[in-house]
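Chemist: The following block contains a protein sequence and its predicted model.
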Amino acid sequence: MRPHRPLESAESSPSVSTIPDEKTHTIMSPLTAFAVSPEGIKFETQEKDEEVILFLRQHPIVLIPSVFLVLLLIAAPILIIPLFFGSLILPFEIPARYFGIGVAFWYVMTFGVALTSFLRWFFNIYIVTQRRIIDIDFLHLLYKEFSEARIDKVQDLSFKSGGIFAAFFDYGDVVVQTAGDTPNIDFTTVPKPARVVETISELITNKQ
Amino acid sequence: MDVTTVTFIIVKWLVVFGLSMYCLFAVVIIRQEQLMTIVLEEAFEPVLRLAAIIHLVASIVIFFAAILLL
């Protein structure tokens, strides 16, 4: 397959272009959070000749609190059962099968917590095509928010990145301000925010 | 029947009710995953679907285990 060239005109002025070195498609992995012209990605309202130029998720570092929570939940039965039930004085004995069902349910619930956390991260996506900027959020179970802005409606682009972790892992927030009634689009905690802004800027210049 | 036996019967059916609610939640996760994959098609999607199905099956197994064992 011929490599996708997001900004053909940018090749004539290499000093301006920010993406001439990544003409090949990014091969997606489950933890991909920044992809240039990704392979095998299709979204709901994608038009026939519309190509995904940038595909973004939040930086995987946002999953760390969920990972710690899951580790805590995994360790909890080992710590809680001997401590809590060992000190509890009851007039009757709790049968072992109750503990068995309880611990089994606890681990299924832990798996459920891990799965829903990952799903929420995995499907919270930002897409930049040659025509549109799209933000798809799954805020809660079964609640979806889809917002988009046409590239030619973008008025201002900015990004902010602060803190030790943000500097070390190179992530930040990108704000896309649009003209008229179109709501602004915020890319929160995305990797390489400067690259994102530069790429969108190039697309705007290209469009003009 | 003594008080302890009655207590355990009540506890059993409360646990079964709680587990049935959790099974419904597991079904909702599967539906959510289906809706999400309509929005975004990705190669990793079958793995997520499998994980959601395993979660539902495990919930149902524990539900029936609670009815039989408790």
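Modeler: Looks like it arrived, so ask away. Numbers count the residues shown, from 1 in each chain, chains lettered A, B, ... in the order given.
Chemist: And the longest helix belonging to chain B, how far out from the chain middle?
Modeler: Longest helix in chain B, counting residues (DSSP state H): helix B:3-39. The chain centroid and the centroid of helix B:3-39 are separated by 5 Å under Cα atoms, centre = their mean, to the nearest Å.
Chemist: Sort out which residues of it are buried, please.
Modeler: Under the neighbour-count criterion of 16 or more other Cβ atoms under 10 Å in any protein chain shown, helix B:3-39 has B:12, B:15-16, B:19, B:22-23, B:26, B:29, B:32-33, B:36-37, B:39 buried. Where you see a C-beta, it was placed from the backbone N, CA and C, and this is true even at glycine.
Chemist: do stretch A:116-132 as well
Modeler: A:116-129, A:131-132.
Chemist: Domain-wise, how is chain A divided?
Modeler: A:8-58+A:124-207, A:65-119 (automatic domain parsing).
Chemist: Can you tell me which of the buried residues of stretch A:116-132 end up in strands?
Modeler: A:125-129, A:132 (DSSP state E).
Chemist: and chain B, which of those contact it?
Modeler: residue A:125 (Cβ under 8 Å from any Cβ of the partner chain).
Chemist: Among the ones in strands among the buried residues of stretch A:116-132, pick out the one closest to residue A:200, please.
Modeler: residue A:128 (6.1 Å; Cβ to Cβ).
Chemist: hang on, that closest one packs against residue A:53?
Modeler: Yes. When contacts are counted by Cβ atoms under 8 Å, residue A:128 is listed as touching residue A:53 (5.1 Å).
Chemist: overlap in contacts of the two?
Modeler: Common contacts of residue A:128 and residue A:53 (Cβ atoms under 8 Å, 6 or more residues apart in numbering or on different chains): A:199, A:203.
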